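**Q** just to be clear, the model below is a prediction. Sequence and coordinates:
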Amino acid sequence: MTIRKLIAGNWKMNGSLGMLHELDGIAKATFNHPELDVVICPSFTLIAPAIVRQPDMTFGAQDCHYDESGSHTGCVSAPMLREVGASYVIVGHSERRIEQNETNEEIRAKTTTAIANGLVTIVCIGESRAAHASGQALPIIGAQLDGCIPPDATSDNLVVAYEPIWAIGTGNTPPPESIAEMHASIRDRLCLLLGSEGKKVRILYGGSVTGKNAEELMAIPDVNGTLVGGASLTAEQFVPIIEAGGRLA
Ligand SMILES: O=C[C@H](O)COP(=O)(O)O
């Protein structure tokens, strides 16, 4: 089965109005590769201006609340994201799990609300360096999937991103055979949780993806794209990743 690849850029708490010109080169590469999906997830404040700059590109957010509205100072809801034109949302990124103490239960609630509001939801999972070193990665990933994935999610509205925490922003990536083992295990779990839909859900790899390693990483079985942090911030670094995806599509 061929699964359409997704290249997602997570700008994290970076970027500014003055940097949106980077989207021009990214858009050009995106439109040259209609066989791929490309999404940029800037900060909340940049989503609307990014859409004004490149109205034909796809944009997402980096989080949303599990309630649709209410007394949650400083938070942003899924309907608000849809209203400004976001199509995707990332939930459960390890930086939020660690800094905001987000639990699997909250992440599942956010995923349910995001999907109900028409957002394609990228659920992040990944093990710590300590868990990796002690051989606990597989059970931890399994528990995160069991805890975070709503039972009625489908391949149209759910994406899973495997990001080993120790690979994020470090320049280190796991060996290809280890990524292959992890993605195969995630695929098996998704099939258990979602039945035949689990066979089609896109599983992204994230953690120190660059233009140099993207093709090798996306050639690994069951790696259906990438979630890119640092290298998504400029066209110079992100376009080669889009082109790598295009060569494999
Ligand atoms: O969401 C993106 C990931 O945390 C990866 O970040 P990175 O590409 O800077 O390692």
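**A** In hand now; what should we look at?
**Q** need phi/psi at A180.
**A** Main-chain torsions, A180, degrees, to the nearest 10: phi -60, psi -40.
**Q** give the contact list for it.
**A** 220-223 (C-beta atoms under 8 Å, 6 or more residues apart in numbering). Where you see a C-beta, it was placed from the backbone N, CA and C, and this is true even at glycine.
**Q** contact partners for whichever residue of the chain sits closest to the ligand?
**A** Closest approach between the chain and the ligand, counting by C-beta to the nearest ligand atom: G229, at 2.3 Å. With contact taken as C-beta under 8 Å, 6+ apart, G229 is in contact with 10, 12, 168-169, 206.
**Q** equivalent analysis for V209, please.
**A** V209 neighbours (C-beta under 8 Å, 6+ apart): 173, 217, 226-228, 231, 241.
**Q** switch to 10 Å and redo it
**A** By C-beta atoms under 10 Å, 6 or more residues apart in numbering, the contact set of V209 is 7, 9, 163, 167, 173, 217-218, 225-232, 237-238, 241, 244.
**Q** point me to the helix or strand that includes T226.
**A** Using DSSP states H and E, T226 sits within strand 225-228.
**Q** elements contacting that strand?
**A** For strand 225-228, the packing partners by 3 or more C-beta pairs under 10 Å, 6 or more residues apart in numbering; DSSP states H and E come out as strand 6-10, strand 37-41, strand 120-125, strand 158-162, strand 202-206, helix 214-218, helix 235-248.
**Q** name every strand pairing with that strand and say which way it goes.
**A** strand 6-10 (parallel), strand 202-206 (parallel) (DSSP bridges).
**Q** next one: A131 relative to E243, how far apart?
**A** Using C-beta to C-beta, to the nearest Å, A131 is found at 34 Å from E243.
**Q** sorry, slip of the keys, the one I care about is H132.
**A** Taking C-beta to C-beta as the measure, H132 falls 30 Å from E243.
**Q** same thing with L204?
**A** Using C-beta to C-beta, L204 is found at 17 Å from E243.
**Q** okay then, goodbye and thanks.
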